[in-house]
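**Student:** coordinates for the following, if possible.
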Amino acid sequence: MNLQQLRYLNEIVRCDLNISDAASALYTSQPGVSKQIKLLEEELGIDIFVRNGKRVVAITEPGKAVLEIAQRVLHETNNLKQVGQEFKRQDIGALTIATTHTQARYALPQVVKAFTKAYPEVKLGLHQGSPTQIAEQVLSGEVDIGIATESLALYDDLVTLPCYEWHHCVVVPPKHPLLNEKRLTLKKLAQYPIITYDFAFTGRNKINQAFSEAGIEPNIALTAIDADVIKTYVELGLGVGIVAQMAFIPDRDRHLRMIDAGHLFHPSTTRVAIRKNQYLRGFGYHFIELFAPQLTRDVIAQALHQKN
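**Tutor:** Residues are numbered from 1 along each chain as shown. Have a look, this model is predicted:
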């Protein structure tokens, strides 16, 4: 048994049991991957996969147990490498962040600027996706840190820490009738077509919750995964937009007007997520602290390594 076999096993599962795709991702040959998996099965005395001819069609129950252990071994192996790199050279390496478009576009630019200035030899990568995709990337080790909303806290194998609360706002074209309202209501808002986030993104559940609690059916005319698209279609007159308040920048959004909606929708919380027991390098701690100053290295380390 060796680490290479465990990597092959993990990659096959990550590639939805497609050995050819796994081999391509690992820059090796399909027969080589198949041979190593067979050797691992022979050594363990079990079938890890269910096969239909030469095709892998499922993972067996004992295979699931082997996979879980293999993933832990690979995770700890990566931790060992990180320890070596940390003490060899603290300001060289790579850090990968997974986040939503809203965070990447509106909350992170100044953080990234400060980080790259402090660590010019650290390669920083930003992946964008839905909160579910972000959580899965952190769990798989594809990224080091995830940043998204409350839904990250639903994953038991992630350590999630609150960064800050934010509110939604309504954006409309100039001279829109809603601008004449002294205090916007959900009933008034529901009289117009609404353009807002896709269900998986940026606090959309808080919007649905508010209308549901009020017994009002909103007219959701269009959904998108980022605020820039929403604002574009509002400018075209296709409806009123509901976006994160951070996404409205008066100097840039001169053709729109913002209406405060903090009283209509519950606040959302942006959270940072790290895989449990992960070894995070010093510059990783610093990135988080730049983003959320209250999350110091001591606070993060304590959360990462506390007993379950």
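**Student:** so Ile259 bridges to which residues?
**Tutor:** With DSSP bridges as the criterion, the beta-bridge partners of Ile259 are Val170.
**Student:** just to check, it is in contact with Pro173?
**Tutor:** No: with contact taken as CB atoms under 8 Å, Ile259 and Pro173 are classed as non-touching, separated by 11.7 Å. All C-beta atoms are positioned from the backbone trio N, CA, C, and that covers glycine.
**Student:** any low-confidence regions in the stretch 151-300 of the chain?
**Tutor:** 202 (pLDDT under 70).
**Student:** ok, now which ones touch the nearest residue to Ile220 once chain neighbours are set aside?
**Tutor:** In space, not counting the residues next to it along the chain, Ile220 is nearest to Ile194; the distance is 5.3 Å by CB to CB, 6 or more residues apart in numbering. Residues touching Ile194, when contacts are defined by CB atoms under 8 Å, 6 or more residues apart in numbering, comprise Pro218, Asn219, Ile220, Ala221, Gly239, Val240, Gly241, Ile242.
**Student:** at 10 Å instead, please
**Tutor:** Contacts here follow CB atoms under 10 Å, 6 or more residues apart in numbering; on that basis Ile194 touches 170, 207, 211, 218-223, 230, 234, 239-242.
**Student:** next one: Ile220
**Tutor:** Ala190, Pro193, Ile194, Ile195, Thr196, Phe199, Arg204, Ile207, Asn208, Phe211, Gly239, Ile242.
**Student:** out of the residues you listed, who has the most neighbours?
**Tutor:** Neighbour counts for those were taken using other CB atoms under 10 Å; the highest belongs to Ile242, which has 29 neighbours.
**Student:** could you give the bridge partners of that one?
**Tutor:** Applying DSSP bridges to Ile242 yields these beta-bridge partners: Val170.
**Student:** surely Tyr197 touches Lys231?
**Tutor:** No: here Tyr197 lies out of contact with Lys231, judged by CB atoms under 10 Å, at a distance of 11.9 Å.
**Student:** what sits in contact with each of these two?
**Tutor:** Ala224, Gly241, Val243, Ala247.
**Student:** the second one - how many residues pack around it?
**Tutor:** Looking back up the chat, that one is Gly241. When counting by other CB under 10 Å, one arrives at 29 neighbours for Gly241.
**Student:** I figured it hits Thr196, correct?
**Tutor:** Yes: taking CB under 10 Å as the definition, Gly241 is a contact partner of Thr196 at 6.6 Å.
**Student:** picking that back up, in CSV, list the shared contacts of Tyr197 and Lys231 along with distance to Val66.
**Tutor:** Putting those into CSV (distance: CB to CB, whole Å) gives the following:
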residue, distance to Val66
Ala224, 42
Gly241, 49
Val243, 46
Ala247, 45
